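Visitor: Structure, please.
(2 chains)
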Amino acid sequence: MKLEVNGQVREVDAPDEMPLLWVLRDLCGLTGVKYGCGMAQCGACTVHLDARAVRSCMLPVASATGKKITTIEGLSPDGSHPIQKAWAEIDVVQCGYCQSGQIMSAAALLAEMPDPSGEEIDRAMAGNICRCGTYQRVREAIRRASSMRRAQR
Amino acid sequence: MTLTRRELLVSGAGLLIAFHVPRKGRAAQMDKKPSVEPNAFVRVAPDDSVTVVLAHSEMGQGIWTSLAMLIAEEMDCDWSKIRVEHAPAAPAYAHTAYGLQMTGGSTTTWSEFDRYRTVGAMAREMLVRAAADRWKVRPRSLHTENGFVVYRTSRASYGQLAEAAQQLSPPASVRLKGKKDWKLIGKPTRRLDTPEKITGKAQFGIDVQLPRMRTALIARAPVFGGKVKSFDASKAKAVPGVEQVVQVPSGIAVVAANFWSAKLGRDALQIDWDPGPGAELNSGKLLASYREQAKGAGAVAVAEGDADTAIARAARRLEAEYDVPYLAHATMEPLNCTVRLEGGRCEIWTGTQFQGVDQMAAAAIAGVPPQKVVIHTTFLGGGFGRRATLNSHFVAEGVHVAKAAGVAVKVVWTREDDIRGGHYRPMYVHRIEAGVDDKGTPLAWRHTIVGQSILTGTAFEKFTVKDGVDASSVEGAVDSPYLEAVPARRITLHSPRNQVPPQWFRSVGNSHTAFAMESMIDELAWAAGRDPLEYRRALLRHKPRHWRALKAAAEKAGWGTPPPEGRARGLAVHDCFGTIVAEVAEVSVDARRGIRVHKVSCALDCGQAVNPLAIEAQVQGGVVFGLSAALFGAVTLKEGRVEQSNFHDYRVLRIPEMPEVKVQILESDAKMGGIGEPATAPIAAAVANAVYALTRQRLRSLPLRLT
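Guide: Model (predicted):
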């Protein structure tokens, strides 16, 4: 089947029900997308399907055909998305494993809601678990990215 | 600093320096005599890059940056030219205090403080001498700045000097900078591993891809200690992508083209298990038996004065029992290990905290000498002690599968495997009786701890278990600052055994002793009708560092001023791995009797702070880790089977539950302490004490549940 991943059309040989996560990781080599739970509980596997953040670990690959899939690798060419810049500035990451998912959820939030309130940030990010406990800086970085974008406009 | 042994390693790429400093302290000399391996801590390349080689594993704690700061400080590097990589497994990288290559116990920064600075100073001196030779001037007339050696108007970059410097023999001794001259140490410094971690490029063990590599999942016994009686792999082998099914000591491995095929194949396995005696285990019964055992004294950990008589004579006697459950570390990256056996070598790619032990274990299974086991340490997707396995089980398993299947293989654990896989923080019960005088001051303390020993039966037993007392079961209680002033005290320990594999967990023994000690002290304060802070001040009168931290945290939290409507505050202070952390939690209780933590004020005294930005992150993270355990965490057993399986029933803190955590770093001249773990220890007690202040309900079991 054909998949459009990070602006590139790829031909993959996968059964329809294979989760998108494993197609991306094991067949496309896009290992920035992470496995954490396999049941849409932790958000480590978050990617964008068109503009929406989805958990790829429970999404059958067949339902992603005909849609634009964006992974952390395709969020920006050089780590320059406002969320990534804010992440670096606020020094958010610790072990880093959940961060692809955190960043993809945060980027989708800002695309939909340029100036989210604290509660809106918490609601949008509630599906992303971080065992290192970077939550406080995640909040700060999203606020920072939001204000960076406001300043640009 | 004088160096007793050093080596200069010459490579085509520039200057390499490696050396050993004498081991000190409670050295557990576990490594054999050093083998000849290229070992180096810093490398200067002609392109001016300076590569720092880490003897420890980066698992989020930030040593990728802080150890580089130590070298760069002495070397006067251009910070933008610093690169970092993990060391291979080799004797040169043995822990300076433990003699074994490992990361744990919140020891990395203090244990490397001298070694890494010395490396930097040596490299600098050799570069200076190379420049002096080139310019035919005296080395003392030169200085260094930002990656250059400078003489009047002449400048040479470190990269330009690297080749000449590598011809020189290293200095026998170097002088380290005084604190007043530090430019980097103590300055908040952003992480060096951020660029790869925000773009998906960082490589964790689970991301490793090798040519012709297969992925394997293992079906392990559903009950700890269970064994395979028989199995039928025919359905598993019929799954597309499944290539082999092999038996290994830990279970049945399904080897497939990718994770998904391996998982479907494993689901299709039919296995008849012999569960063994582990099937008798039930958490409720286990807790009841621990409580029964706690009524009688165990092996003596501390005995001063006559606690029995003093309690019998006390004006008042208070008694309480605290319990904590089994806990899974639940690192975000599930365990995994990639192994390739080829050409008499065993190559391993994994995120491990325990290279020194894993190398030996892998060698034994692969049938090769340890120096033929090459460990490529990737980034660790969380460690928290889970990746420092005393029996190297997840590495051993990888080698077994690669050997049995005859292919390069990545063994991956699912989240369910992880939550149900044992190696838990053990369940513990504390029974404490205190005798107090008419003002409520404790004069006698009788305390029994019951719980599995983590280190008995391991290679560490001889260093950590004495007279039946595993130091890691009682740390934080036996050295409690509150007990030094109690004239009659006795702490004893029962270490029952069962089939559940125990393991250290962020803050180890302190993860339960801090809860018991600080809860009981709080009970005594309330029983005496005294303010919990003022009560502690009296007990800590000979403990200025504890008092300073507690006072700072309390002041910042607004202790003594009324909290917002519907909230209350609780406090705790604890010394964990040489760092004293005080925490004040502000909590409320919602309509469904759920506990909500709004704010946590932390103050810590860790001696010299190397990277305050990383320390703040570790304290915030430590609080989150401790809150997950305080509010949600429990692994329970029913007929030997773990009742939890994934994040829906093994809850951890999520962002809406994140309190605002304020961190104060109180520098001092005290010996440097740890950073990664200490903040985890006191939070459960701080929250429980706040809940008591709010509801007058004393919660003595973790996770905390209001009735």
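Visitor: use CA for all of it now, contacts and neighbours both
Guide: Will do.
Visitor: Okay, and the closest residue to B:Val486 other than its chain neighbours sits in which element?
Guide: Of all residues beyond its chain neighbours, the one nearest B:Val486 is B:Leu443 (5.1 Å), with distances taken as C-alpha to C-alpha, 6 or more residues apart in numbering or on different chains. According to DSSP states H and E, B:Leu443 maps onto strand B:442-451.
Visitor: ok, the residue nearest to B:Val486 touching B:Leu483?
Guide: No - with contacts defined as C-alpha atoms under 8 Å, B:Leu443 does not count as touching B:Leu483, sitting 9.3 Å away.
Visitor: For burial, what's the neighbour tally of the residue nearest to B:Val486?
Guide: 21 (other C-alpha atoms under 10 Å in any protein chain shown).
Visitor: Just the pLDDT for it.
Guide: On pLDDT, B:Leu443 comes in at 97.
Visitor: which residues does it contact?
Guide: When contacts are counted by C-alpha atoms under 8 Å, 6 or more residues apart in numbering or on different chains, B:Leu443 touches B:Ala310, B:Ile311, B:Ala314, B:Ala434, B:Gly435, B:Val436, B:Asp437, B:Val486, B:Pro487, B:Ala488.
Visitor: Who wins on neighbours among those?
Guide: That'd be B:Gly435 among those, by other C-alpha under 10 Å, with 29 neighbours.
Visitor: All the helices of chain A, residue numbers only.
Guide: A:20-22, A:82-90, A:99-112, A:118-125, A:135-152 (DSSP state H).
Visitor: Same question for the stretch 501-650 of chain B.
Guide: If DSSP state H, counting those that start in this stretch is used as the criterion, the helices of the stretch 501-650 of chain B fall at B:510-527, B:532-539, B:544-557, B:612-631.
Visitor: Out of the ones you listed, which gets nearest to A:Ala88?
Guide: Closest to A:Ala88 of these is helix B:612-631 (C-alpha to C-alpha; 12.6 Å).
Visitor: can you list the residues of the stretch 151-300 of chain B near chain A?
Guide: B:190-191, B:194-195, B:197-202, B:204, B:207, B:258-260 (C-alpha under 8 Å from any C-alpha of the partner chain).
Visitor: Out of the helices of the stretch 501-650 of chain B, flag the one nearest A:Ser63.
Guide: helix B:612-631 (35.1 Å).
Visitor: The closest one packs against which elements?
Guide: The contact analysis (3 or more C-alpha pairs under 8 Å, 6 or more residues apart in numbering or on different chains; DSSP states H and E) places helix B:612-631 against strand B:660-665, helix B:683-695.
Visitor: Return the set of buried residues in the longest one.
Guide: Neighbour counts over helix B:683-695 (16 or more other C-alpha atoms under 10 Å in any protein chain shown) mark B:Ile683, B:Ala684, B:Ala685, B:Ala686, B:Val687, B:Ala688, B:Asn689, B:Ala690, B:Val691, B:Tyr692, B:Ala693, B:Leu694 as buried.
Visitor: Assign a three-state SS to the residue in chain B positioned nearest to chain A, would you?
Guide: Here chain B gets closest to chain A at one residue, B:Gly60, 3.4 Å apart by C-alpha to the nearest C-alpha. Three-state call for B:Gly60 (DSSP: H, G, I helix; E, B strand; the rest coil): coil.
Visitor: follow-up on the earlier one: deepest of the helices of chain A, which one?
Guide: helix A:20-22 (a mean of 26; mean count of other C-alpha atoms under 10 Å in any protein chain shown).
Visitor: and it, what other elements does it pack with?
Guide: Looks like helix A:20-22 contacts no helix or strand (3+ C-alpha pairs under 8 Å, 6+ apart).
Visitor: to the chain's geometric centre, what's the distance from it?
Guide: Its chain's C-alpha centre and that of helix A:20-22 lie 13 Å apart, by C-alpha atoms, centre = their mean, to the nearest Å.
Visitor: Now do the most centrally placed residue in chain A, the pLDDT please.
Guide: Centroid-nearest residue in chain A: A:Met104, 2.2 Å away (criterion: C-alpha atoms, centre = their mean). pLDDT, A:Met104: 98.
Visitor: Domain boundaries for the chain, per the record?
Guide: Went with chain A since none was named. Here the domain parsing of chain A from automatic domain parsing is A:2-74, A:82-152.
Visitor: if you could check chain B rather than the one you did, that'd help
Guide: According to automatic domain parsing, the ranges for chain B are B:5-197, B:205-276+B:335-412, B:283-326+B:424-695.
Visitor: Check those domains for me: which has the lowest mean pLDDT.
Guide: Lowest mean pLDDT within the domains of chain B: domain B:5-197, at a mean of 84.
Visitor: In chain A, which residue sits nearest chain B?
Guide: Closest to chain B within chain A is A:Cys95: 3.4 Å, counting by C-alpha to the nearest C-alpha.
Visitor: burial of that residue, as a residue count?
Guide: A:Cys95: 30 neighbours (other C-alpha under 10 Å).
Visitor: Can you report how many residues neighbour B:Ser558?
Guide: Not Ser; residue B:558 is Gly. 14.
Visitor: quick one on the thing from earlier: and the helices of the stretch 501-650 of chain B: which comes nearest A:Val12?
Guide: Nearest to A:Val12, of the helices of the stretch 501-650 of chain B and by C-alpha to C-alpha, is helix B:612-631 at 39.7 Å.
Visitor: Buried residues of the closest one, list them for me.
Guide: Counting neighbours by 16+ other C-alpha under 10 Å, helix B:612-631 gives B:612-631 as buried.
Visitor: Same question for stretch B:227-244.
Guide: B:Lys227, B:Val228, B:Ala233, B:Ala236, B:Lys237, B:Val239, B:Gly241, B:Val242, B:Glu243, B:Gln244.
Visitor: First-to-last residue distance for that stretch?
Guide: Its first and final residues considered, stretch B:227-244 spans 20 Å by C-alpha to C-alpha, to the nearest Å.
Visitor: Next: stretch A:51-67.
Guide: Stretch A:51-67: ends 10 Å apart by C-alpha to C-alpha.
Visitor: Also stretch B:450-459?
Guide: Termini of stretch B:450-459 sit 22 Å apart (C-alpha to C-alpha).
Visitor: if we can go back for a sec, out of the contacts of B:Leu443, which sit inside helices?
Guide: Reading helices off the contacts of B:Leu443 with DSSP H, I get B:Ala310, B:Ile311.
Visitor: can you tell me if the helix or strand of chain A with the lowest mean pLDDT touches chain B.
Guide: Within chain A, confidence by mean pLDDT, DSSP states H and E is lowest for helix A:135-152 among all helices and strands, at a mean of 94. Yes - counting by C-alpha under 8 Å from any C-alpha, contacts between helix A:135-152 and chain B involve A:Tyr135, A:Gln136.
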